[in-house]
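Engineer: just the structure for this:
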Amino acid sequence: MKTKTLLIVILMTALTAAVLQAQVSAAIVDIAGEVEVSRNGVYLDNRDIDFGTELGPYDVLHTGPDGYVELSIESPVSPELSVKVMADTTLFLEHTLKSGGSETSVNLNRGSIQTRAAALLRGGNFTVKTESSVMGIRGTTFTVNRSPDTSILVSCREGAVACTTEGRESGIYPGRIYETNTSGQFRLKDLDPDDIESYTAQWKQARLDALAINGAASVEYYADQYLRRAPVFQKAFEEVESQRGLFEKWEKIIEEDINVSIGDAVKDKATLSRGIMSLRASLPLMQHVFYTLYDLSGIMESAGWQDLSDTAAKTMDLYSRSRQENQEKISKALYYFRIYLEVDRRTDPFGEGSGSGLMDDFLLESPF
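Structural biologist: The predicted structure is shown next:
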């Protein structure tokens, strides 16, 4: 009897490990308007983006002013996950193995999403991440709005959500919302669930009205940050790009599921690590500045770019001319991370597939 019980435990442990090692993927189940998908740093042909199109980890999804997408997500953390992606939104999916289980995340760079999840499986987590906050669900339907001024509004219609900013966790539920300002300070506010839609519309408009008045000051700040951050990101990106052949080798290994010895994986990881760690340090800052300016530039164009200093005006001209190139580099950086994470996983001597753990939450370690 003891032997039989032990075999069952071993089998269940193996099954759990297999579940935790499963990857995350998403399929488009509804789509409208302008939608772009960048995979491995390359934008897909618009004709290839339609109902049923699948997205994997680190594929960047971007909706235009009239864009809308609904994603059905296959993940080991929950039997049912869906995300509605609103207009003017940029995001990507991430799946991380951790000592306590696995975590599927939507990394929200800009815009608004509404998520729905069935009960989470044991050891699984589902989160929405922005540059300043993390929202972890407890089985619920909730909405995250990120304003162009970087403020955040989180509302919940079912279940509960744990919102964490600067290490401080707050719980929200139907009847309570969560807000952060441009400085990352947060507050909780009681609100009738029936009033969420109208309050959200007023909140968005108030943020835009404030930017219309004080947008030049925001642009001045982020233009200065762009001048500081873009060269650092560019240098790190070029260092990683110099090993492009090695990444392409591993892309083939992953696609064809080729066995590689731990020794060869360790050797390749050592070759890639320095550049990847530099890119890891610079990418979150670059993403934050880049996507904030992405929205601010649209607002300022409507206002005629008034009250900008010569330096800021020249910086924004540089930003506009290199925007598409930098957007592709940010997407390509995510591709390099995806490949490196697999190299790291193959170095695990115990065969558990979790790797060294060095890359856990690599896009969450942000100073904002």
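
Engineer: number of residues surrounding the nearest residue to residue 138 once chain neighbours are set aside?
Structural biologist: Using C-beta to C-beta, 6 or more residues apart in numbering and skipping residues adjacent in sequence, the residue nearest residue 138 is residue 160, 4.5 Å away. No exception for glycine: its C-beta is placed from N, CA and C like everyone else's. Residue 160: 16 surrounding residues under other C-beta atoms under 10 Å.

Engineer: cool, residue 202 as well?
Structural biologist: Number of residues near residue 202 (other C-beta under 10 Å) recorded here: 11.

Engineer: then residue 318?
Structural biologist: Neighbour count of residue 318, defined by other C-beta under 10 Å: 14.

Engineer: swap in residue 334?
Structural biologist: If you count neighbours by other C-beta under 10 Å, residue 334 ends up with 24.

Engineer: that one and residue 60 touch, don't they?
Structural biologist: Yes. In this structure, residue 334 is within contact of residue 60 by C-beta atoms under 8 Å, at 6.7 Å.

Engineer: can you list residues touching both of these two?
Structural biologist: Common contacts of residue 334 and residue 60, defined by C-beta atoms under 8 Å, 6 or more residues apart in numbering, comprise residue 92.

Engineer: tell me, what residue is most central in this protein?
Structural biologist: In the chain, the centroid-proximal residue (C-alpha atoms, centre = their mean) is residue 107; its distance is 1.8 Å.

Engineer: show the subsequent helix or strand relative to the helix or strand containing it.
Structural biologist: In this assignment (DSSP states H and E), residue 107 forms part of strand 101-117. On the C-terminal side of strand 101-117, the closest following helix or strand by DSSP H and E is strand 124-129.

Engineer: packing partners of that next one?
Structural biologist: Here strand 124-129 touches strand 78-85, strand 101-117, strand 133-137, going by 3 or more C-beta pairs under 8 Å, 6 or more residues apart in numbering; DSSP states H and E.

Engineer: after the first one, which helix or strand is next?
Structural biologist: I take that to be strand 78-85. strand 89-98.

Engineer: what helices or strands is that next one leaning on?
Structural biologist: strand 60-63, strand 101-117.

Engineer: neighbouring contacts of the shortest one?
Structural biologist: Taking C-beta under 8 Å, 6+ apart as the criterion, the residues outside strand 60-63 that touch it are 33-39, 55, 69, 71, 85-92, 111, 330-331, 334.

Engineer: can I get the buried ones among these as something I can paste into PyMOL?
Structural biologist: Filtering the contacts of strand 60-63 down to the buried ones (16 or more other C-beta atoms under 10 Å) takes a single PyMOL command:
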select buried, resi 35+36+37+38+39+55+69+71+85+87+88+89+90+91+92+111+330+331+334
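
Engineer: and the helices in the stretch 101-250 of the chain?
Structural biologist: With DSSP state H, counting those that start in this stretch, the ranges of helices along the stretch 101-250 of the chain come out as 196-241, 244-255.

Engineer: now do the end-to-end distance for stretch 132-143.
Structural biologist: Using C-alpha to C-alpha, to the nearest Å, the span of stretch 132-143 from its first residue to its last is 16 Å.

Engineer: and residue 308, how far from residue 199?
Structural biologist: With the distance defined as C-beta to C-beta, to the nearest Å, residue 308 ends up 33 Å from residue 199.

Engineer: of the two, who's got more company?
Structural biologist: Remark: of residue 308 and residue 199, residue 308 carries more neighbours, 18 against 15, as counted by other C-beta under 10 Å.
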